[in-house]
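>>> from the sequence below, what's the structure:
(one chain, ligands or ions: 1)
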Amino acid sequence: MTVVTHSTSAAGTGSRVHRGRRLRRSPALRALVRETRLDPAMLVAPLFVRPGDGVREEIGSMPGQHRLSVDLLGSHAEALVSAGIRSVLLFGLPEGKDADGSGAWAEDGIVQQAAREIRRAVGDDLAIVADVCLCEYTSHGHCGVLDGTAIDNDTTLPLLARAALSLADAGADVVAPSAMMDGQVAAIRSALDDEGHAETAILAYAAKHASAFYGPFREAADSAPAFGDRRAYQMDAANGREAMAEIRADIDEGADMVMVKPALLALDIIAAARQATELPIAAYQVSGEYAAICAAAERGWLDRRAAALESLTAIARAGAGVIVTYFALEAAGWLREQSR
Ligand code: PBG
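Here you go, the predicted model:
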């Protein structure tokens with residue numbers, strides 16, 4: 001152990017200098033006074049589900065992530081549970097797409113099948129969160145239905161509600177509307193309540209910026225818009241006050257948890273959200289945040305493990321109690337090693 005030498009000019013004269021280093025001297029002292037701790041139980045693992053049998057297809061833009069066919073989900077879910085992960089967020093690549101995105105509410109839709117299979121495999125050990133959006137299911141790749149080239153808010157709402165109902169029927173514990181349509185939380189809440197799903201929770205993607213960092217996801221989920229972009233419905237990344245208004249609106253509409261996304265790019269909003277509500281705050285470390293760390297690590301420019309854990313710690317420190325991250329399974333392993 002290194003010995004700290006006291007400077008006589010400070011210590012000897014009796015003056016009280018701030019010596020922050022006293023509590024940084026050893027791993028034990030640092031662990032003792034650490035303010036933020038990550039726990040695998042706070043991490044949500046996103047999963048991409050695709051048709052087929054025995055298919056485990058690597059996602060090019062997201063090294064280490066795979067699209068899995070339904071039959072492989074059971075063993076993957078078991079691996080997550082043994083690592084200490086308690087929740088998954090499901091995305092689907094349907095067999096076919098149409099203008100309305102009807103695959104989003106098909107009784108035997110890809111995510112509906114996935115939810116049933118995960119429940120069969122691990123029972124209640126995993127909380128099943130299902131993303132509710134149309135972009136993976138529409139032929140044009142937008143998050144709502146079209147009116148010309150515009151995305152029509154109010155005709156999209158009943159479709160999102162229908163998707164949420166169908167996912168609740170398939171056993172989702174939580175539905176997570178991410179389409180950024182105004183009124184989507186209220187529409188989903190009332191549909192769930194009317195149809196006997198009063199217990200199904202809503203995780204609202206409340207403050208979701210239009211972001212360049214969703215790029216790798218759109219390859220993963222085959223959900224890139226065929227024309228234009230999402231700026232007419234997702235928020236302008238320059239706006240923090242507006243993010244708070246979105247969060248308040250979703251809470252008023254009945255959200256049980258609110259999410260901020262992307263995470264590292266909106267730490268200020270996570271912190272403000274933590275102050276503004278007692279509800280659980282979730283943050284989504286999105287595909288581009290993951291891919292950036294992976295790419296730099298592959299080149300030897302960043303230490304993958306250290307960079308991933310530091311970024312997750314920063315997101316937690318800002319105030320997120322729930323973190324959606326593609327590092328979930330890996331991070332759970334690192335955290336277990338650390339605690340030994
Ligand atoms: C669906 C949705 C997207 C993401 C989560 N839900 C894509 C988008 O808005 O374009 C992005 C997640 C990620 O980048 O990891 N609307």
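
>>> wait, what's in contact with the residue nearest to L80 when sequence neighbours are not counted?
Nearest residue to L80 in three dimensions, chain neighbours excluded: A45, at 5.7 Å (CB to CB, 6 or more residues apart in numbering). (C-beta placed from N, C-alpha, C; glycine too.) The contact partners of A45, by CB atoms under 8 Å, 6 or more residues apart in numbering, come to L80, I85, S87, V88, L89, T325, Y326, A328, L329.

>>> I'd say the last one and V81 touch.
No: applying CB atoms under 8 Å, one finds L329 not in contact with V81, separated by 10.7 Å.

>>> which of these two has more residues huddled nearby?
For L329 versus V81, the count of surrounding residues by other CB atoms under 10 Å is larger for L329: 19 against 16.

>>> for the more buried one, report the pLDDT, please.
Note on L329: pLDDT of 98.

>>> what mean pLDDT does the helix or strand containing the residue nearest to L80 get?
Applying DSSP states H and E as the criterion places A45 in strand 43-50. Mean pLDDT, strand 43-50: 98.

>>> C-terminal to that strand, what's the next element?
Toward the C-terminus from strand 43-50 - assigned by DSSP H and E - lies strand 56-58.

>>> packing partners of that next one?
Here strand 56-58 touches strand 66-69, going by 3 or more CB pairs under 8 Å, 6 or more residues apart in numbering; DSSP states H and E.

>>> now the strand it packs on: buried residues?
Of the residues in strand 66-69, H66, R67, L68, S69 count as buried by neighbour count, 16 or more other CB atoms under 10 Å.

>>> do stretch 205-216 as well
Applying 16+ other CB under 10 Å to stretch 205-216 flags Y205, A206, A207, K208, H209, S211, F213, Y214, P216 as buried.

>>> tell me which of the residues you listed fall in strands.
Counting by DSSP state E, the buried residues of stretch 205-216 place Y205, A206, A207, K208 in strands.

>>> quick check: bridge partners of the third one?
In other words, A207. V260 (DSSP bridges).

>>> on that earlier part again, just flag the most distant two among the contacts of A45.
Using CB to CB, the pair of those lying farthest apart is S87 and Y326, separated by 13.8 Å.

>>> what about those two, which has more around it?
Neighbour count, other CB under 10 Å: between S87 and Y326, Y326 has more, with 27 against 20.

>>> and the residue nearest to that one when sequence neighbours are not counted, how many neighbours?
Nearest non-adjacent residue to Y326, counting by CB to CB, 6+ apart: Y290, 4.2 Å away. Taking other CB under 10 Å as the neighbour definition, Y290 ends up with a count of 24.

>>> from A276, how far out is Y290?
Per CB to CB, to the nearest Å, Y290 is found 27 Å from A276.

>>> tell me the strands beside the strand holding A45, with direction?
For strand 43-50, pairing defined by DSSP bridges yields strand 66-69 (parallel), strand 87-92 (parallel), strand 322-325 (parallel).

>>> who's in contact with the second one?
Spelled out, it's strand 87-92. 43-50, 77, 80, 103, 109-111, 114-115, 118, 126-131, 136-137, 172, 176, 220-221, 322, 324.

>>> tell me the helix or strand right after it.
As the chain continues past strand 87-92, the following element, by DSSP H and E, is helix 110-122.

>>> touching the ligand at all, whatever helix or strand comes next after that next one?
Sequence order places strand 127-132 as the next helix or strand after helix 110-122, per DSSP H and E. Yes: residues of strand 127-132 are located near the ligand by CB under 6 Å from any ligand atom, namely D131.

>>> show residues contacting strand 127-132.
Residues from elsewhere that reach strand 127-132, judged by CB under 8 Å, 6+ apart: 44, 86-91, 104, 111, 115, 118-119, 160, 163-164, 167, 170-179, 184, 188, 203.

>>> many thanks, have a good one.
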